[in-house]
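*Asks:* heads up, no residue letters with this:
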């Protein structure tokens, strides 16, 4: 008759094996003893004499592994700690590589930040698209490594978004820290052509020029609604960059006027005082609606194309200027 021997040969540090449900596991204190949990999630524990320590668990079958370094698409990988070197996941032939690394320095001015970089040009190492992130910003950019320059990028800050093209800050800036939202050459790096909205100061304006000489902001078009006393629209060269020719609609002060070279010229319509002036100081027409007069100020008055009449009645021939006042015709004798 056959007999089963249930004794354990203790070759080294395993004097006993105990199997039961985890709830019925005995108290630790038998150093070296193994406990096998027979209920889910199962597992093997070792008694150190002062505690139970799990030494194995039911993780399921690993299956076959045919991938690189023994890994394939069905294998779960648990990573911990730090990557001491750059790690690259190859995208295969014609694919996109994924790179994880700790970059020591880069153009956004930080000495320590993590990055994700991928090559979207199919093995073209000179031109890459990348994402960089640190504690203050996130940057998405396209690099030309061969020339050492950034072709274009866009950076996200906590309260600002900016773009970068061809060596300078062009394109768009949305800066809530100063209330400035601009499209074009918003940082005045090249030709100062930009459309700017300043929400903090309640202004918006257009800058434009054909060179870098005109560096005045708020030139060409400027609108402000900052307060009761500052509410106007300006159109033209109101910054006196060239000839200072402009039109100003000053709604706060009930005035519309034009400007010439360093002074108010051309047209001044004062709706508050009902005084309307046309032309310059030395030759102007003033209409005063309050005092009910029209004044012509000039050193010389030249009238061309006016209807005149003449008479040969003796003793003195005369030439008359024909005018009509309140429907009644009159003749003004003209003398030379």
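*Replies:* Structure received. Everything quoted here is computed from the prediction, not taken from an experiment. Numbers count the residues shown, from 1 in each chain.
*Asks:* which is the next helix or strand following the helix or strand encompassing residue 138?
*Replies:* Using DSSP states H and E, residue 138 falls within strand 137-144. Next in sequence after strand 137-144, counting helices and strands by DSSP H and E, comes strand 149-157.
*Asks:* For residue 205, see how far away the closest residue to residue 230 other than its chain neighbours is.
*Replies:* Nearest non-adjacent residue to residue 230, counting by C-beta to C-beta, 6 or more residues apart in numbering: residue 224, 5.5 Å away. Heads up, the C-betas are built off the backbone N, CA and C, glycines and all. Applying C-beta to C-beta, to the nearest Å, the value for residue 224 to residue 205 is 8 Å.
*Asks:* How far does stretch 170-179 stretch from one end to the other?
*Replies:* Start-to-end span of stretch 170-179 (C-alpha to C-alpha, to the nearest Å) is 18 Å.
*Asks:* typo on my end, stretch 168-182
*Replies:* End residues of stretch 168-182 are separated by 15 Å (C-alpha to C-alpha).
*Asks:* Buried ones in that stretch, by neighbour count?
*Replies:* Going by neighbour count (16 or more other C-beta atoms under 10 Å), the buried part of stretch 168-182 is 169-171, 173-175, 180-182.
*Asks:* how many neighbours does residue 332 have?
*Replies:* Here the number of neighbours of residue 332 (other C-beta atoms under 10 Å) works out to 10.
*Asks:* Where does it sit, in terms of helix or strand?
*Replies:* Here residue 332 sits within strand 328-334, counting by DSSP H and E.
*Asks:* Not counting its own residues, what contacts that strand?
*Replies:* 308-309, 318-324 (C-beta atoms under 8 Å, 6 or more residues apart in numbering).
*Asks:* hmm, 7 Å instead?
*Replies:* For strand 328-334, contacts defined as C-beta atoms under 7 Å, 6 or more residues apart in numbering pick out 309, 318-323.
*Asks:* and which of these is nearest to residue 12?
*Replies:* residue 323 (133.8 Å; C-beta to C-beta).
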